[in-house]
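Asks: okay, here's the prediction I keep looking at, along with the sequence it came from:
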Amino acid sequence: MLSKDRANFGSKIGIILASAGSAVGLGNIWRFPCEVGSNGGAAFILIYLLCITFLGIPVMVSEFLIGRHSRANTASAYQILAPGTHWKWLGLMGVVAAFLILSYYAVVAGWTLEYTFASAADRFSGEKDFTGFFNNFVSNPWKPAACMALFLLLTHIVIVRGVKEGIEKFSKIMMPMLLLIICMLVICSFSMPGSIEGLTFLLKPDFSKVTTKVVLSAMGQAFFSLSLGMGCLCTYASYFSDEANLMKTAASVASIDTLVAIMAGFIIFPAVYSVQGLSPDAGPGLVFVTLPNVFRIAFGNVPWLGYIFSLMFYVLLVLAALTSTISLHEVSTAYIHESYGISRKQAARIVTGICIFLGIFCSLSFGILSDTTWMGMTVFDLFDFVTAKLIMPLGGMLICIFTGWYLDRRLVQAEVTNRGRLRLPFFGIYIFILRYVAPLAIGIIFVNELLK
Ligand code: PHE
């Protein structure tokens, strides 16, 4: 099935928007502000930017070249580039990670749907206890699971339409919408009284807060946010045209992703600071508990503004999550479709079915299964731990070793320069990072996370 008539993205902008869609997600709007809040603001952002530039972009280029050169799903890519070796496990590990991430990510994505419905139906305006609202919702056995399933069905609808008509077309609609909403929300947030304090928190670096834990969190966040280490971008790159400039695409995707994360900070912190008594380091509850409170209190006198602000914010989360779940779904769908010769539609059904099944257990982790733990982790925590803390860093490190040491340097050079057609002044630095800097740095995060 790995033939010449394989689907392709139709345009450069489609390539960038689809890949940026994978990268931009709950990681940017939900996880990034939490990490900034609990790791000391601007100093964290600075380290994060270094991680994106010196680790994120090189690993992304490697995933791109592996995908485009092999023109296959992530599991088959390694069999094509390194036939008869154990490297095939690296690709398969990515497929397993895609199933696990999609199953728990869709649970949080489902919450964003419920919050969108609640905003639209104006259910927040009379609410006083948002912690209670959140806890009641997530511990309900049916509602969050139904929202998760609905979210996976939405993802399914895009996937079955195919690469060009589904993924590319939807990314071209959803990403500009997302960027527009985010700009409007930044303006709204800046115009709130007291927003300067929130901005200062984001922009003034306090290096006394920088510990090794902060550096490690920044690296972990960079990998998660750029969707690296598990074959998502490798799968998308298998649909890139021969003309796509891999380095430039990686730089654009990383820039969009970082911009969105920082703008999410610009929305959330000024808003949180504008309401006295709320804390910016509220952790994961920031988006689901603190923010609805902000919308209600800050816009107490002009409720319709609060209504619009909150609705736009949750629609933004839904769009961001959807472009990411699409990319996760594609990893497994492409694998099943190409490796087992099953039709794309059927393969997508299998993936959606398995993820809904696993997602139910993740969803129940906040309710009736909250006491069912393994090493202190619920099913949801376990899936997050195995993927974000184990598979993604390990995958990232092995991808660097594969491209830096195993692959023929001429093949790597030919692929990133589009067979010599592009000039590449940074090629030497790129190989140096892949061989030494990235594996070592990622190895350190990995061991540290494991020993925690
Ligand atoms: N990068 C996505 C986010 O920021 C999450 C993701 C991880 C998506 C891995 C695909 C693969 O939310």
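Replies: That came through, no problem.
Asks: so which strand or helix has M148?
Replies: Secondary structure assignment for M148, by DSSP states H and E: helix 143-160.
Asks: for the helix or strand harbouring P439, buried residues please.
Replies: In the assignment (DSSP H and E), P439 maps to helix 438-451. By neighbour count on 16 or more other Cβ atoms under 10 Å, the buried set for helix 438-451 is 438-439, 441-442, 445-446, 448-449. Backbone N, C-alpha and C define where each C-beta goes, glycine included.
Asks: which phi and psi does the residue in the stretch 101-250 of the chain that the ligand sits nearest to have?
Replies: Of all residues in the stretch 101-250 of the chain, S227 sits closest to the ligand, at 3.5 Å by Cβ to the nearest ligand atom. S227 adopts backbone torsions of phi 60, psi 40, taken as degrees, to the nearest 10.
Asks: same question for S76.
Replies: Per degrees, to the nearest 10, the backbone of S76 is at phi -70, psi -30.
Asks: what is the burial count for it?
Replies: Look at S76: counted by other Cβ atoms under 10 Å, it has 21 neighbours.
Asks: helices and strands around the helix or strand of the chain with the lowest mean pLDDT, which ones?
Replies: Lowest mean confidence among the helices and strands of the chain (mean pLDDT, DSSP states H and E): helix 285, at a mean of 73. Contacting helix 285 under the criterion 3 or more Cβ pairs under 8 Å, 6 or more residues apart in numbering; DSSP states H and E is no other helix or strand.
Asks: quickly find the element holding V95.
Replies: helix 88-120.
Asks: next secondary structure element downstream of that helix?
Replies: Counting by DSSP H and E, the next helix or strand C-terminal to helix 88-120 is helix 130-139.
Asks: residues near S125, how many?
Replies: S125 is flanked by 17 other residues according to other Cβ under 10 Å.
Asks: that older thread, dump the helix holding P439 to CSV, restricted to CA.
Replies: Provided in CSV are the C-alpha atoms of helix 438-451 (Å, rounded to 0.1, in the frame of the first residue of the first chain):
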residue,chain,number,x,y,z
ALA,A,438,19.9,16.5,22.1
PRO,A,439,20.4,12.8,23.1
LEU,A,440,22.3,13.9,26.2
ALA,A,441,19.9,16.7,27.2
ILE,A,442,16.8,14.5,26.6
GLY,A,443,18.5,11.6,28.4
ILE,A,444,18.9,13.8,31.5
ILE,A,445,15.2,14.7,31.5
PHE,A,446,14.2,11.2,31.0
VAL,A,447,16.3,9.8,33.9
ASN,A,448,15.2,12.7,36.2
GLU,A,449,11.5,12.2,35.4
LEU,A,450,11.9,8.5,36.1
LEU,A,451,13.7,9.0,39.5
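Asks: if we can go back for a sec, chain center to the least confident helix or strand of the chain: distance?
Replies: 18 Å (Cα atoms, centre = their mean, to the nearest Å).
Asks: and if you look at stretch 47-64?
Replies: That offset, for stretch 47-64, works out to 14 Å (Cα atoms, centre = their mean).
Asks: is the ligand contacted by that stretch?
Replies: No. Stretch 47-64 stays out of contact with the ligand when judged by Cβ under 6 Å from any ligand atom, the minimum separation being 10.8 Å.
Asks: so is stretch 371-389 next to the ligand?
Replies: No. Using Cβ under 6 Å from any ligand atom, stretch 371-389 stays clear of the ligand, coming no nearer than 7.8 Å.
Asks: got the CA positions of that stretch in CSV?
Replies: Output of stretch 371-389 as CSV, limited to C-alpha atoms (Å, rounded to 0.1, in the frame of the first residue of the first chain):
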residue,chain,number,x,y,z
ASP,A,371,-9.5,4.8,43.8
THR,A,372,-8.4,2.2,41.3
THR,A,373,-4.7,3.1,41.1
TRP,A,374,-1.5,1.6,40.2
MET,A,375,1.6,3.0,41.9
GLY,A,376,-0.6,5.8,43.0
MET,A,377,-1.8,6.7,39.5
THR,A,378,-5.3,6.4,38.1
VAL,A,379,-5.8,5.1,34.6
PHE,A,380,-5.7,8.7,33.3
ASP,A,381,-2.5,9.5,35.2
LEU,A,382,-0.9,6.3,34.1
PHE,A,383,-1.6,7.0,30.4
ASP,A,384,-0.2,10.5,30.8
PHE,A,385,2.8,9.2,32.6
VAL,A,386,3.6,6.4,30.1
THR,A,387,3.3,8.7,27.1
ALA,A,388,4.4,12.3,28.2
LYS,A,389,7.1,11.2,30.6
